[in-house]
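A.B. asks: with the input below, show me the fold.
(chains A, B and C)
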Amino acid sequence: MSAIVNAYIDGDDEHIVLVQRDEAGARITHRVLADYAIYFRNGEVPGDWLRKWRRDPSCRGYRAEGEWLRTRWRGWNARRFILSIAHEEGIETFEGDCNPVKRWMADHPDVTIQAPRRAYVDIETDSRVGPKQAREEGARILTWCVMGEDGSYEVGVLEEDTDAAERVLLRAFYQAMMPYDQMVAWNGDEFDFPIIGKRTKERRLGGGIPRLWLKMDHMVLYERMNLQVAESGDEKQSYALNAVGHAQLGIGKQDFDARKTFQAWDAGGDSLDALVDYMVMDTNLMRGIEAKTGYLKLHQTVAEICGLFPDSWALLPTAQMDAFLLRLGRRRGVHFPTTTRAEKTYDENKYRGSYNKDPPERAGILRNVHVVDFSSMYPSIMVSWNMSYETKVPGPVNGPVPAGMCRTPKTGVCFTTSHTGIIPEALEFFLAKRKEMSARRANCAPGTPEAHDAERWTNGYKVVPNSFYGAQGNAGCRFHRREVAESVSQTGAWLAEKTEWALRERYPGCSVIYVDTDGLWMVGITRDDIEEAVRWLNESFYPKLLADCGCKKNIVKLAYEKEFELLVFIKAKNYVGKFRHYKGKAAVAGSKPEIKGIAYKRGDHTQLTRDFQAEIIDLLMGGMGASKTPGPTEDLALYEEAVGRWRTRILEEPLSIEQIQTVKGLSKCVCFDEKCRAGEHYSTRKSTKGKTVESPPHVRIGRVLKARGEDIGPGSRIAYYVSDGARKPQGVEPACDYTGKCDRNHLWGEVVWPPTQRLLESAFPQHDWRPFNAPKREKVAVDRTEPLPTLPKKPPRRMPESPSGTLFH
DNA sequence: ATCTGTGGCTGTCTGA
DNA sequence: TCAGACAGCCAC
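C.D. replies: Residues are numbered from 1 along each chain as shown, chains lettered A, B, ... in the order given. Predicted structure coming up:
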């Protein structure tokens, strides 16, 4: 057995099924005994327990494996009982939580994961059943589509509205799925998979969707992957398939009304054809999105690296880390603690994190700003300080670092240097593999299959280690140690501070104006000096710094990343900049500016806010394609014209709902039912006067929609608009109720203008932008004696003088 | 099969 | 007018 495509626990819980594709593509399955194992340290189990286990029918046996004792149990319950008595006696157990599939994969670390034959799947269900009911109780499946990666597809249509016909339909569906191993569906985890599963059970075709197929939610994958690369907030407003199809492929909305699926099916003929066409188009959209993004391919690579099967579960960082390290541990002959339920909530467990230095306030347009950053900061720290849950050793917090250990400066936590920890070892493995694959790619002719393959592995080996720090900071992770996680982030903060001071000392004119975690932003220094500084830091400064901590290794590395020709800071994590060069490549005329944090990037602002801000950014930096007179320009008349035009537009001209709606996600259940088991609910706290505090607007609207029978719950996105901003609480309405009237005064004065006002006040602090504020509500803009609003009390921080004199314009 | 982290900004709602 | 609780989203 060298490669498998899937494995699952068989119905009897006593076996697991290994699924394989042979060279001809035929599916082969093997049944092997399911192993419910617990490891102990040899010698830690009392002799009378071992004698008892020999006669215990729930014990399948035990054997010594080096310094470990491996015990095997007859099923979940038998194992759970042994874990609990061991826990009571204070005897450490290892890997006692692993299900038999995870156990088998860990026991066979050389078995690789085959690429599954992928089918994109979509179903249409009876629209007379509301979406909520459909998800919870099921709804009649009317049609299905199964599409292969080559675009060939099969379609099934319900013959008549009876259970017997649905049974036939489902049988045909599974028949169509037989050539495939993986079922990919958009929002499948919440819709298609549970519904297909329920109907399968009700029609007595099985207990649910057979485990033979890997279930993969394409939408969840897309959301995770696209979060970091989305250019503007437009892409984040909706993850509905047609919205993503539009964003990625420019495909327009289809004219089929998805709320009328039953009528279309019932009418038959052309109506039914339209329904089927619509479904096939949707299925094909997923194929198009994958062709454009390659996210499924990357996920497949990550799964292969970790030893996981590519389903929705394999997206979780803890699952990836756990699977990879269990296999690495098996190769090294080590085993890891049994994972138990985390007891405390996350908030109670928060530890100190990254370092942020505030940027200068209202400093105008900055010029020639250079940025250096640490390459893979947290992984490099974990390797250099040998940080792992099991390498932590007792040692002095202050004073000289004893031999055989290294110490983190801010937390005083010591780690042994006598042997490499399992996490640093894994990280070094990824680094080496990435380097190897990157070199292979460079040696392949571009565009060849070999080059693409090397590219795929390069990306996979880059992605996997990135989540290790976060995963081990999670209380539910097998490798979690709070002090270790904090030591990683605090050592990062320390390195950034040390770098800041070193630069200041070595280059008196240089000023570090902003720091966020692993990036340092500076002015008053030339490109040549920075490159020299980076060399000096890497070759001399960090080696000494780390040696003083007792580190035996040092892979901490700073890199010169980019220079901004122009830069405007609004606040920490909020800025707009025009590149001069980025990673060695010079910017060209019309290069897109870098935009971070501000309204333009956010999915929870109105489209008007984003479009307006895009036009102003185009004046400031160019490259947005949003203004007739793209900048960079400092001609204030151009800005005033644009602001005035937008102000008039919003106060007076017709506005569509798409332009004015705010979209926010719900993170909790909106109901008031105390018996509801849906997890967390929104707080119903009382004010100090004993009055019930109103919920936020999107929660109130969520309740309205739920009362109308819509499927509203955690994860739902709520679109609403403000109809009366003066009322308390605000008058808000569901976006679907819009009839063309909204509170324009509020829209301009509270929603659209402020984010861009802050941008303009940051770029042109001397200019007074208040005349563009919304008209006063009571008396409209005639009362000249009205006192002007007071300016912020805090004096703006002064920018340090730059020797070149290019800092201020 | 509960399960990446912390830091930071902006908005609403409330009462002082 | 402002601070503090709560909430969502974004930068690392």
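A.B. asks: contacts for the helix or strand of chain A with the lowest mean pLDDT next, please.
C.D. replies: When the helices and strands of chain A are scored by mean pLDDT, DSSP states H and E, helix A:131-137 comes last with a mean of 77. The contact list for helix A:131-137, computed with CB atoms under 8 Å, 6 or more residues apart in numbering, reads A:125-126, A:129, A:139, A:190-191, A:194-195, A:198, A:709-712. Where C-beta positions appear, they are placed from N, C-alpha and C, glycine not excepted.
A.B. asks: buried residues, that helix. List them.
C.D. replies: Buried residues in helix A:131-137, counted by 16 or more other CB atoms under 10 Å: A:131, A:134, A:135.
A.B. asks: where does pLDDT dip in the stretch 651-800 of chain A?
C.D. replies: Filtered on pLDDT under 70, the stretch 651-800 of chain A yields the residue ranges A:777-800.
A.B. asks: can you map out the helices along it?
C.D. replies: A:657-660, A:697-707, A:744-746, A:753-763 (DSSP state H, counting those that start in this stretch).
A.B. asks: quick one: which helix or strand includes the closest residue to DNA strand B within the stretch 151-300 of chain A?
C.D. replies: Ranked by CB to the nearest atom of the strand, the top residue of the stretch 151-300 of chain A for proximity to DNA strand B is residue A:224, at 6.5 Å. Taking DSSP states H and E as the definition, residue A:224 sits inside helix A:218-226.
A.B. asks: quick check: next helix or strand after that helix?
C.D. replies: Criterion used, DSSP H and E; the element after helix A:218-226 is helix A:241-249.
A.B. asks: how much does that following helix deviate in direction from helix A:218-226?
C.D. replies: 40 degrees (axes from the mean of the first three to the mean of the last three CA atoms, to 10 degrees).
A.B. asks: now stretch A:281-292: buried residues?
C.D. replies: A:281, A:282, A:283, A:284, A:285, A:286, A:287, A:288, A:289, A:290.
A.B. asks: how about the helix holding residue A:224 as PDB, C-alpha atoms only?
C.D. replies: This file holds the C-alpha atoms of helix A:218-226, laid out as PDB (Å, rounded to 0.1, in the frame of the first residue of the first chain):
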ATOM      1  CA  HIS A 218     -15.800  25.200  -2.100                       C
ATOM      2  CA  MET A 219     -17.200  28.300  -0.600                       C
ATOM      3  CA  VAL A 220     -15.500  27.800   2.800                       C
ATOM      4  CA  LEU A 221     -12.200  27.200   0.900                       C
ATOM      5  CA  TYR A 222     -12.700  30.300  -1.200                       C
ATOM      6  CA  GLU A 223     -13.500  32.500   1.800                       C
ATOM      7  CA  ARG A 224     -10.300  31.400   3.700                       C
ATOM      8  CA  MET A 225      -8.000  31.800   0.700                       C
ATOM      9  CA  ASN A 226      -9.500  35.000  -0.700                       C
END
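A.B. asks: how many other residues sit next to residue A:688?
C.D. replies: Per other CB atoms under 10 Å, the neighbour tally for residue A:688 reads 6.
A.B. asks: low-scoring stretches of chain A, by residue?
C.D. replies: In chain A (pLDDT under 70), the answer is A:1, A:342-348, A:777-809.
A.B. asks: enumerate the residues of it near DNA strand C.
C.D. replies: A:227, A:233, A:236, A:354, A:373, A:516-519, A:573, A:595-597, A:601-604, A:663-668, A:682-683, A:685, A:696, A:698-699, A:717, A:789-790, A:793 (CB under 7 Å from any atom of the strand).
A.B. asks: now, these that are in strands?
C.D. replies: With strands taken from DSSP state E, the overlap with the residues of chain A next to DNA strand C comprises A:373, A:516, A:519, A:595, A:596, A:663, A:664, A:665, A:717.
A.B. asks: ok, and the closest non-adjacent residue to the residue of the stretch 101-250 of chain A found nearest DNA strand C?
C.D. replies: Using CB to the nearest atom of the strand, residue A:236 is the residue of the stretch 101-250 of chain A that sits closest to DNA strand C, at 4.1 Å. Nearest residue to residue A:236 in three dimensions, chain neighbours excluded: residue A:603, at 2.9 Å (CB to CB, 6 or more residues apart in numbering).
A.B. asks: now do residue A:172
C.D. replies: residue A:156 (4.7 Å).
A.B. asks: can you classify that neighbour by secondary structure?
C.D. replies: strand (DSSP: H, G, I helix; E, B strand; the rest coil).
A.B. asks: what is the neighbour count of it?
C.D. replies: 21.
A.B. asks: cool, and residue A:161?
C.D. replies: 13.
A.B. asks: phi first, then psi, for the nearest residue to it once chain neighbours are set aside.
C.D. replies: Residue nearest to residue A:161 in three dimensions, not counting chain neighbours: residue A:140, with 6.7 Å by CB to CB, 6+ apart. Main-chain torsions, residue A:140, degrees, to the nearest 10: phi -60, psi 130.
A.B. asks: from memory residue A:140 sits against residue A:127, does it?
C.D. replies: No: in this structure residue A:140 lies outside contact range of residue A:127 using CB atoms under 8 Å: 10.0 Å.
A.B. asks: run through who's touching stretch A:497-517.
C.D. replies: Against stretch A:497-517 from outside (CB under 8 Å, 6+ apart): A:354-360, A:366, A:369, A:372, A:377, A:492, A:496, A:520-525, A:529, A:533, A:536-537, A:541, A:545, A:558, A:569, A:572-573, A:799-800, A:802-804.
A.B. asks: wait, residue A:398 sits on residue A:412?
C.D. replies: Yes: using CB under 8 Å, residue A:398 makes contact with residue A:412 at a distance of 7.0 Å.
A.B. asks: between these two, which is the more surrounded one?
C.D. replies: Neighbour count, other CB under 10 Å: between residue A:398 and residue A:412, residue A:412 has more, with 14 against 7.
A.B. asks: which residue packs closest to the more buried one, ignoring adjacent ones?
C.D. replies: residue A:397 is the one closest to residue A:412 (CB to CB, 6+ apart), at 3.4 Å.
A.B. asks: can you get me a residue count around that neighbour?
C.D. replies: Neighbour tally, residue A:397, other CB under 10 Å: 9.
A.B. asks: and the gap between it and residue A:515?
C.D. replies: 26 Å (CB to CB, to the nearest Å).
A.B. asks: check residue A:423 too.
C.D. replies: Residue A:423 is 26 Å from residue A:515, by CB to CB.
A.B. asks: who has more neighbours, these two?
C.D. replies: Per other CB under 10 Å, whichever of residue A:423 and residue A:515 has more neighbours is residue A:423, with 28 against 22.
A.B. asks: so the more buried one makes contact with residue A:389?
C.D. replies: Yes: at 7.4 Å, residue A:423 counts as touching residue A:389 under the criterion of CB under 8 Å.
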